[in-house]
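[1] Sequence first, then the predicted structure:
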Amino acid sequence: MNDDLFRTKVNIPRSEFDFGYQKNAVMMGSCFVENIGAQLKSYKYQVDVNPFGVIYNPVSVCSSLRLLMEEKEFLEDDLNFHNDLWFSFYHHSKFSNSDLSLCLSDINDSIKKSSQELKEADFLFITFGTAWVYELLSSGKIVSNCHKLPAKDFNRYRLDVDEIVSIYKDLLVELLVFNPKIKVVFTVSPIRHWKDGANGNQLSKATLLLAVEQLSELFDQVSYFPSYEIVMDELRDYRFYTDDMLHISNSAIKYIWQRFLETYLSEESKQIQKQVEKFILAANHRPFNVTSESHQTFIKSSLAKLHGFLRVNPTINMDEVIGNLERNLL
């Protein structure tokens, strides 16, 4: 029986720009980026994911990209101190630290590395999570993370379509000067922001979708991947959600991942990925008897094949896989 009879499948045109093992990508935005980025990393693609940590709103993503383009060096004056922690309003709390020097070094090391990644990237994937923002009253600036400061310190409001389009028109012009070859792919996170309310969440997502549509029409280098529509229309079932009924499940992530590969992955990279997967499975294999002659022969054979693979594909980092295989050698 045709499975498509029981769902409304989203039609996604094949991208005119291929992604694969010979391409670099930077991914920024909501936790949805973390999910897809983790899939890409697991198959050893060259991706840099969320150098500022998870960011949900368009203004903060824009600010972060500008900081990367200028390779901003953070100093003590750029940080704040609260609850015995140093932190940056541009960064996720994973960068917070009780030690000032460690906080600064973590932030600056990440910016320095990712600035170069952005300069050389073939793709920039941006996922917007919400159009709702928090403006710090003392500075008038929109923050990426409130870092558990009191609600009275912030003004919360929803961006409108024109605001988002305006700031990204300027940003994209600057970005294409910074890296003329880069292709930008926007997505809207399918994860519901229920604290905004059912209607507030829908209005927020609609705002983001309308803004991205306009940007896609304004720039040839900009396109849209419909992850939001895949979840809303193809995966309309609570079995595709986690227990909180808001975040999507691993099976949903894997399905979106497959649709992503269908849209962007080159035929050559599809074949390479199959080989990479075989090596990963070999490295993760746990036999009953590690010392058996058959297993040792299997490990040696896998290592020989892997080194041969790397002679043909030297840019793919398989160090972790090699390490896992070599640990089983006697």
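    Received the coordinates, thanks.
[2] Where does the record place the domain boundaries for this structure?
    The chain breaks down into these domains under automatic domain parsing: 14-265, 274-326.
[3] In a strand, Ser223, correct?
    Yes: assignment of Ser223 by DSSP: H, G, I helix; E, B strand; the rest coil places it within a strand.
[4] what's the closest non-adjacent residue to it?
    Closest residue in space to Ser223, ignoring its immediate chain neighbours: Val185 at 5.4 Å, by Cβ to Cβ, 6 or more residues apart in numbering. To be clear about C-beta, it is placed using only N, CA and C from the backbone, and glycine gets the same treatment.
[5] and that neighbour, helix, strand or coil?
    The three-state label given to Val185 by three-state DSSP is strand.
[6] Can you give me the pLDDT of it?
    At Val185, the pLDDT value in this model is 98.
[7] wait, isn't it in contact with Phe125?
    Yes: applying Cβ atoms under 8 Å, one finds Val185 in contact with Phe125, separated by 4.9 Å.
[8] overlap in contacts of those two?
    Contact criterion Cβ atoms under 8 Å, 6 or more residues apart in numbering; residues shared by Val185 and Phe125: Phe225.
[9] Quick one: the helices in the protein, in order.
    Here the chain has its helices, by DSSP state H, at 31-42, 58-69, 100-120, 161-178, 198-218, 227-229, 250-264, 267-284, 293-312, 319-326.
[10] Can you list the neighbours in contact with the fifth one?
    With contacts defined as Cβ under 8 Å, 6+ apart, helix 198-218 is touched by 58, 128, 130-132, 158-161, 164-165, 168-169, 172, 186, 188, 192-194, 196, 222-224, 228.
[11] returning to that earlier point: make TSV from the helices of the chain and add distance to Ile12 to it.
    Below are the helices of the chain laid out as TSV (distance: least, Cβ to Cβ, whole Å):
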stretch	distance to Ile12
helix 31-42	14
helix 58-69	23
helix 100-120	26
helix 161-178	22
helix 198-218	14
helix 227-229	9
helix 250-264	5
helix 267-284	16
helix 293-312	31
helix 319-326	31
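[12] among those helices, which is nearest Asp84?
    Nearest of the helices of the chain to Asp84, taken as Cβ to Cβ: helix 100-120 at 11.6 Å.
[13] How far off centre is the closest one?
    With Cα atoms, centre = their mean, to the nearest Å as the basis, helix 100-120 stands 17 Å off its chain's centre.
[14] So which elements touch it?
    Judged by 3 or more Cβ pairs under 8 Å, 6 or more residues apart in numbering; DSSP states H and E, the packing partners of helix 100-120 are strand 24-29, strand 46-49, helix 58-69, strand 85-87.
[15] Show me the contact partners of it.
    With contact meaning Cβ under 8 Å, 6+ apart, helix 100-120 is reached by 24, 26, 48, 51-52, 65, 67-69, 71-76, 79, 86-88, 91, 95-97, 124, 178-179, 182.
[16] and the residues you listed, which are buried?
    24, 26, 48, 51-52, 65, 67-69, 72, 74, 79, 86-88, 91, 95-97, 124, 178-179, 182 (16 or more other Cβ atoms under 10 Å).
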